[in-house]
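please work out how this folds:
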Amino acid sequence: MSLAPDTDAQPSVSDTHHLTVVRSGKWWAIKADNLPGCHTQARRRAKIEVTARDAIALWFDADKAEVGPLVVNFAE
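Predicted coordinates:
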């Protein structure tokens with residue numbers, strides 16, 4: 001019996017969202033890996049999660065309190 005993940009499942013606002021973050025000049029470029037086209041940027045590293053949470057909420061047209069956990073991965 002296989003317990004393979006459901007590959008047809010659509011992302012939801014309450015999912016865990018993995019972020020790829022790259023330094024770009026004076027900014028941090030942020031991409032939500034599981035949400036095509038969901039990108040944002042933050043000027044300060046301390047604002048990455050807040051800014052990403054706002055962008056994900058907008059992507060789903062939801063309240064930012066509904067956004068699930070964030071996993072931040074810094075790329076070089």
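
show me the strands in the protein, by range?
Counting by DSSP state E, one finds strands in the chain at the ranges 17-24, 27-32, 39-42, 70-74.

and the second one, what does it pack onto?
Packed against strand 27-32 by the contact rule (3 or more C-beta pairs under 8 Å, 6 or more residues apart in numbering; DSSP states H and E) you find strand 17-24, strand 39-42, helix 48-60. To be clear about C-beta, it is placed using only N, CA and C from the backbone, and glycine gets the same treatment.

any idea which of the strands of the chain gets closest to R53?
strand 70-74 (6.8 Å; C-beta to C-beta).

strand partners (parallel or antiparallel) of that closest one?
Sheet partners assigned to strand 70-74 using DSSP bridges are listed as strand 17-24 (parallel).

skipping adjacent residues, who's closest to the residue nearest to the spatial centre of the chain in space?
The residue lying closest to the centre of the chain (C-alpha atoms, centre = their mean) is A32, at 3.2 Å. Leaving out its chain neighbours, the residue that sits closest to A32 by C-beta to C-beta, 6 or more residues apart in numbering is C38, at 4.0 Å.

how about that neighbour, what does it touch?
Residues near C38 by C-beta atoms under 8 Å, 6 or more residues apart in numbering: 31-32, 55-56, 59.

how about 10 Å then?
11, 17, 19, 30-32, 52, 55-56, 58-60 (C-beta atoms under 10 Å, 6 or more residues apart in numbering).
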